[in-house]
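Colleague: generate coordinates for the sequence data below:
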Amino acid sequence: MREPVTEIYLSGLVFGECPRWHDGALWLSDMFGGRVLRVPAMGQAQTVVELPAGRPSGLAFLADGSLLVVSMRDRRLLRRWPDGRTEPFADLSGHVAGDVNDMVRAPDGGVFVGNFGFDLFGNAAGCLTALHHVDVHGRVRAVAHDLNFPNGMAVTPDGATLIVAETFAHRLTAFDIDGHTLRNRRVFADLGECAPDGICLDAAGAVWASAFVGDAFLRVESGGRITDRVSLNNRRAVACNLGGVDGRTLFMVTADTDVERLAGGDSTARVEVLEVDVPGAGSP
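Modeller: Next up, the predicted model:
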C-alpha cells in the first residue's frame with residue numbers, strides 16, 4: 001500500500017472543513033476562521049461569506065447555483081445567491097440538541113444535514129442523534145434516527161444511496177434514498193480504530209474517508225477493504241473531496257489540533273493535494 005507525498009495547496013487556515021469542487025474552483029469553510037473561501041488556484045483564496053460568530057461548516061450548491069452554508073452555533077442554514085446576497089434559508093435549532101455540521105445535496109434538490117447531538121466542545125456526554133432533510137423551501141424533517149455523530153456524507157451518482165460517516169461509531173453507514181425517506185440502513189464499512197470525519201466518493205464506488213482519529217486518509221471499498229492510505233505526521237485528517245480538471249485531484253484538509261485544543265480555537269490548518277487513479281463521482 002503506497003505512502004505518497006502530498007503537496008500543499010492552501011495554507012493559513014484555522015480549521016478547514018467541507019471542501020467542495022464547483023465551477024472550476026475549490027470551495028471550503030474555515031470553521032474557526034469564520035469564513036467561507038473560494039480557491040480558484042493554488043494559494044489563491046477569496047472570502048465569499050463571513051460568519052465571525054457562527055462557525056461555517058457544511059456547504060452545498062443548489063440547482064440555481066446558490067450556495068447553502070451551515071452556521072453551526074446558531075444551527076441555521078444560510079443561502080448565498082450567485083450575486084453575493086446572503087439570507088437565512090432554514091432554522092434547525094428546534095430540531096437538534098447540538099451544533100449542525102456537515103451537509104450534502106440530496107437528489108430531490110434539498111440537502112441532508114448532520115449534527116453533533118450534544119455540546120461536543122463543552123465536554124457534554126455523547127448521545128445519539130437524528131439526520132435531517134431540508135427541502136428547497138427550507139422545511140426541516142428528521143429522516144433517520146440513532147446515529148452516532150453523523151458527519152461527512154456522500155450521495156452516489158445514481159441518487160440511490162446516501163453514505164454517512166458516523167464518527168464516534170467508527171463506521172460508514174449506508175441508506176437507500178426513497179424520495180424524502182431513507183430506508184435499509186446498513187454498514188458500508190467498519191473502520192476499526194479509525195474515526196471518519198469528511199468523506200467523498202470515487203467513480204469505482206469506493207469512499208475516501210478522513211480519519212480524524214487515525215491521522216490518515218483512507219480509500220475504502222464497500223465491506224471495509226482499505227485499498228489506499230495517505231498517512232499524516234502528527235496532523236488530523238479532517239475532510240476531503242475529489243476535483244480538479246479531470247476529477248483526480250484529492251483535496252485533503254488537515255489540521256494541527258485535537259478536540260480539546262479546537263474547543264479553544266487552537267488550530268492551524270491547510271489543504272494538501274494528491275493525484276489519484278480514480279476520479280470523483282456523486283455528491284459532494
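
Colleague: give me the contact list for the one helix or strand S210 maps to.
Modeller: Counting by DSSP states H and E, the element that carries S210 is strand 207-213. Here strand 207-213 makes contact (Cβ atoms under 8 Å, 6 or more residues apart in numbering) with 152, 154, 163, 165, 167, 170, 172, 188-189, 191, 193-202, 217-221, 236-240, 242, 250, 252-253. Placement of C-beta: from N, CA and C, glycine included.

Colleague: same check, this time on stretch 86-101
Modeller: Contacts of stretch 86-101 (Cβ under 8 Å, 6+ apart): 49, 55, 57-58, 68-81, 113-121, 127, 129-130, 132, 134, 138-140, 142, 150-151.

Colleague: if we go to 7 Å?
Modeller: Stretch 86-101 has contacts (Cβ atoms under 7 Å, 6 or more residues apart in numbering) with 49, 57-58, 68, 70, 72-80, 113-120, 129, 132, 134, 138, 140, 142, 151.

Colleague: just the endpoints, please. Distance across it?
Modeller: Stretch 86-101 has an end-to-end distance of 19 Å (Cα to Cα, to the nearest Å).

Colleague: which ones among the contacts of stretch 86-101 are found in strands?
Modeller: 49, 57-58, 68, 70, 76-80, 113-115, 129, 132, 134, 140, 142, 151 (DSSP state E).

Colleague: pull out the buried members of the residues you listed.
Modeller: 49, 57-58, 68, 70, 76-80, 113-115, 129, 132, 134, 140, 151 (16 or more other Cβ atoms under 10 Å).

Colleague: which residue is the nearest non-sequential neighbour of A255?
Modeller: A269 (4.0 Å; Cβ to Cβ, 6 or more residues apart in numbering).

Colleague: which of the residues in the strand or helix carrying the one you found are buried?
Modeller: Per DSSP H and E: A269 is located in strand 268-275. Using 16+ other Cβ under 10 Å as the test for burial, strand 268-275 gives 269-274.

Colleague: show me the two of the residues you listed that sit farthest apart.
Modeller: Taking Cβ to Cβ as the measure, these span a maximum distance of 16.7 Å, between A269 and L274.

Colleague: picking that back up, what is the strand holding A269 packed up against?
Modeller: In this structure, strand 268-275 makes packing contacts with strand 7-13, strand 16-22, strand 249-256, judged by 3 or more Cβ pairs under 7 Å, 6 or more residues apart in numbering; DSSP states H and E.
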